[in-house]
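*Asks:* model the structure of this input:
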Amino acid sequence: MKHLQRLAWILCLSLFSMPLLAQSCNDSVLASTPSDRFRAHADGTVTDTRTRLTWMRCAQGMSWQGGGCGGVAAQYEWTEATQAVRRLNGNGGYAGHSDWRLPTREELASLVENRCIDPAINSEIFPATPPSGFWSATRDKDHERGAWLVYFLHGKGYVGNIQQEWKLRLVRDAR
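*Replies:* Got it, this is the predicted structure:
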């Protein structure tokens with residue numbers, strides 16, 4: 001019994017001593033992606049009224065569950081990412097549409113919330129976004145094995161090796 005009490009005490013101490021990881025935003029700076037710029041849909045998608053693009057609110061591998069994203073975001077090499085999009089569309093798509101695609105570098109960067117970090121995205125519109133890199137469809141013209149990604153920890157763009165694994169957020173043209 002004493003052993004179980006000691007184990008419970010150690011578990012409690014370790015949980016309370018862990019750093020709390022949470023998005024940090026500077027509220028004194030004007031939002032670059034204010035929530036009123038987006039029109040949310042009940043099917044887990046959102047339309048950006050400025051860019052006229054419709055986005056999946058959850059990263060691939062996660063699912064829309066009544067106002068939030070559940071599950072774990074999948075990771076893909078760049079070629080696997082393009083195949084995953086083809087499979088999704090070929091299997092009926094998502095939210096009644098089968099024209100989903102990887103966003104361009106510029107489209108993906110349009111989601112960066114400049115006043116926030118960890119993740120640098122509007123977390124009301126895109127809940128539970130991992131502070132990780134997300135692939136774009138844009139290949140790097142200077143590197144045969146490079147493609148652009150946006151790293152949502154801080155919102156910067158980088159060229160990644162197409163054999164690296166990163167996350168996906170899919171988009172479609174709103175009609």
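*Asks:* doesn't residue 79 fall inside a strand?
*Replies:* No: counting by DSSP: H, G, I helix; E, B strand; the rest coil, residue 79 is located in no strand; its state is helix.
*Asks:* wait, what's in contact with the spatially closest residue to residue 40 that is not a sequence neighbour?
*Replies:* Leaving aside its sequence neighbours, residue 40 sits nearest to residue 46 (Cβ to Cβ, 6 or more residues apart in numbering; 5.0 Å). Bear in mind the C-beta positions are built from the backbone N, C-alpha and C, glycine included. Residues counted as contacts of residue 46 (Cβ atoms under 8 Å, 6 or more residues apart in numbering) are 38-40, 54-55, 57, 125-126.
*Asks:* lowest-confidence helix or strand of the protein?
*Replies:* None of the helices or strands of the chain scores lower by mean pLDDT, DSSP states H and E than helix 2-17, at a mean of 42.
*Asks:* neighbouring strands - and their directions - for the helix or strand following that helix?
*Replies:* The element immediately downstream of helix 2-17 (helix or strand, assigned by DSSP states H and E) is strand 24-25. Strands adjacent to strand 24-25 in the sheet, as given by DSSP bridges, are strand 116-117 (antiparallel).
*Asks:* tell me the mean pLDDT over the strand it pairs with?
*Replies:* Averaging pLDDT along strand 116-117 gives 98.
*Asks:* ok, now stretch 79-95?
*Replies:* Rounded mean pLDDT across stretch 79-95 is 98.
*Asks:* in it, which residues are buried?
*Replies:* Buried residues in stretch 79-95, defined by neighbour count with 16 or more other Cβ atoms under 10 Å: 80-82, 84-85, 88-89, 94-95.
*Asks:* cool, stretch 113-127 as well?
*Replies:* So for stretch 113-127, counting by 16+ other Cβ under 10 Å, buried means 113, 115-117, 119-123, 125-127.
*Asks:* what sits up against that stretch?
*Replies:* Under the contact criterion Cβ under 8 Å, 6+ apart, stretch 113-127 has outside partners 21-27, 29-35, 38, 40, 46, 55, 57-58, 67-69, 111-112, 129-131, 152-155, 169.
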